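*Asks:* dropping a prediction and its sequence here:
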Amino acid sequence: MSLGLVFLSEVFGTAMLTLLGCGVVANVALKGTKGNNGGFLMVTWGWGIAVFAGVFVAARSGAHLNPAVTLGLLVNGKQEYAPGVPVDAASTFTYFGGEMLGAFLGAVVMWLAHKQHFDVEPEPASKLGVFSTGPAIRSTPWNLATEIIGTFVLVFVILTFGGTPSGLGPLAVALLVVGIGVSLGGPTGYAINPARDLGPRIAHALLPIKGKGSSDWSYSWIPVVGPLIGGTLAGLAGLLPIVFTAAT
């Protein structure tokens with residue numbers, strides 16, 4: 001599989017992820033929508049379905065949709081990111097680039113779909129919350145720890161039981177993300193994906209959103225660094241069965 005196709009696969013898959021995922025937050029958070037005040041459980045299930053759709057769309061490239069997943073596979077010593085896609089520097093940055101661009105584009109299309117509701121929503125924080133995550137209680141070490149733990153669960157389960165998200169299967173990955181959301185998502189909004197948070201945050205900063213306020217760049221590194229650490233730790237933890245087997 002060519003790197004061009006890998007790139008397009010990840011762009012479209014990650015765009016579908018953020019279009020539907022940020023879209024459900026918009027439906028819950030923005031004034032006057034049919035789903036306004038639908039609650040956190042609606043958000044978690046909406047994000048799960050977004051993952052389900054994204055994994056299907058990007059199945060040919062393994063449907064990483066997430067730099068933390070790509071990094072976990074790299075650290076885990078996988079030979080291929082997907083069938084016919086060797087693990088090397090060029091493919092790694094192809095995945096990263098596709099994931100970031102897709103996350104940005106999906107957020108832009110989501111904004112177009114909800115443009116009138118962004119215009120009438122009075123709270124800047126609600127507008128930003130549609131695009132990117134933020135903590136319920138702002139505390140750098142604890143917010144970072146939450147993102148590390150949530151991403152560790154995501155990547156470890158994927159690596160251990162499926163190899164890639166498409167290998168685990170769209171439904172299984174979707175339910176895993178729902179489970180992480182309802183169990184670990186309360187403190188920070190469970191970014192668990194650097195592209196999912198940073199791409200839409202950049203979209204928020206660039207789009208002409210009426211009364212949008214700050215993009216909260218002081219917090220923005222936590223949903224990037226935390227998931228990358230969590231994905232790395234999960235990749236290393238996935239090596240433990242191999243080490244134990246070799247030792248015996």
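*Replies:* Yes, it's here. Numbers count the residues shown, from 1 in each chain.

*Asks:* which stretches in the chain count as strands?
*Replies:* Secondary structure of the chain (DSSP state E): strands located at 80-82, 85-86.

*Asks:* avg pLDDT for the shortest one?
*Replies:* Along strand 85-86, the predicted confidence averages to a pLDDT of 95.

*Asks:* paired strands for it, with orientation please.
*Replies:* In the sheet, strand 85-86 lines up against strand 80-82 (antiparallel) (DSSP bridges).

*Asks:* buried ones in the partner strand?
*Replies:* Across strand 80-82, burial judged by 16 or more other Cβ atoms under 10 Å covers 81, 82. C-betas here are computed from N, CA, C, even on glycine.

*Asks:* got the contact list for that strand?
*Replies:* Applying Cβ atoms under 8 Å, 6 or more residues apart in numbering, the contact partners of strand 80-82 are 1, 6, 60-62, 64, 70, 73, 86-87, 91-92, 95, 164, 166.

*Asks:* what is the end-to-end distance of stretch 111-119?
*Replies:* The straight-line separation of the ends of stretch 111-119 (Cα to Cα, to the nearest Å) is 10 Å.

*Asks:* pull out the buried residues from it.
*Replies:* Neighbour-count burial for stretch 111-119 flags 111, 114, 117, 118 (criterion: 16+ other Cβ under 10 Å).

*Asks:* the last one against residue 208, yeah?
*Replies:* No. Contact between residue 118 and residue 208 fails when scored by Cβ atoms under 8 Å: they sit 10.0 Å apart.

*Asks:* before we move on, back to that, so which two of the buried residues of stretch 111-119 are the farthest from each other?
*Replies:* Across the buried residues of stretch 111-119, no pair lies farther apart than 111 and 117, at 9.9 Å, counting by Cβ to Cβ.

*Asks:* which one of the strands of the chain lies nearest to residue 194?
*Replies:* So among the strands of the chain, strand 80-82 is nearest, using Cβ to Cβ, at 16.8 Å.

*Asks:* for burial, what's the neighbour tally of the closest residue to residue 235 other than its chain neighbours?
*Replies:* Spatially, and ignoring its direct neighbours in sequence, residue 235 is nearest to residue 75 (3.2 Å; Cβ to Cβ, 6 or more residues apart in numbering). When neighbours are defined as other Cβ atoms under 10 Å, residue 75 has 19 of them.

*Asks:* quick one, what contacts residue 75?
*Replies:* By Cβ under 8 Å, 6+ apart, the residues touching residue 75 are 231, 232, 235, 236.

*Asks:* same thing but at 7 Å, please
*Replies:* 232, 235, 236 (Cβ atoms under 7 Å, 6 or more residues apart in numbering).

*Asks:* got CSV for these, with neighbour count too?
*Replies:* Listed next are the contacts of residue 75 as CSV, based on neighbours: other Cβ atoms under 10 Å:
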residue, neighbour count
232, 20
235, 24
236, 14
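
*Asks:* mind listing what the residue nearest to residue 137 when sequence neighbours are not counted touches?
*Replies:* Leaving aside its chain neighbours, residue 137 sits nearest to residue 187 (6.9 Å; criterion: Cβ to Cβ, 6+ apart). Contact analysis of residue 187 by Cβ under 7 Å, 6+ apart lists 135, 136, 137, 143, 146.

*Asks:* show the buried residues in these.
*Replies:* If we count by 16+ other Cβ under 10 Å, these have these buried: 135, 143, 146.

*Asks:* and these as a markdown table, adding distance to residue 226 and pLDDT?
*Replies:* Output for these, formatted as a markdown table (distance: Cβ to Cβ, whole Å; pLDDT from 0 to 100):
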| residue | distance to residue 226 | pLDDT |
| --- | --- | --- |
| 135 | 11 | 97 |
| 143 | 7 | 98 |
| 146 | 7 | 98 |
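
*Asks:* can you give me the buried ones in stretch 14-34?
*Replies:* 14-30, 33.

*Asks:* filter these down to the ones in helices?
*Replies:* 14-29 (DSSP state H).
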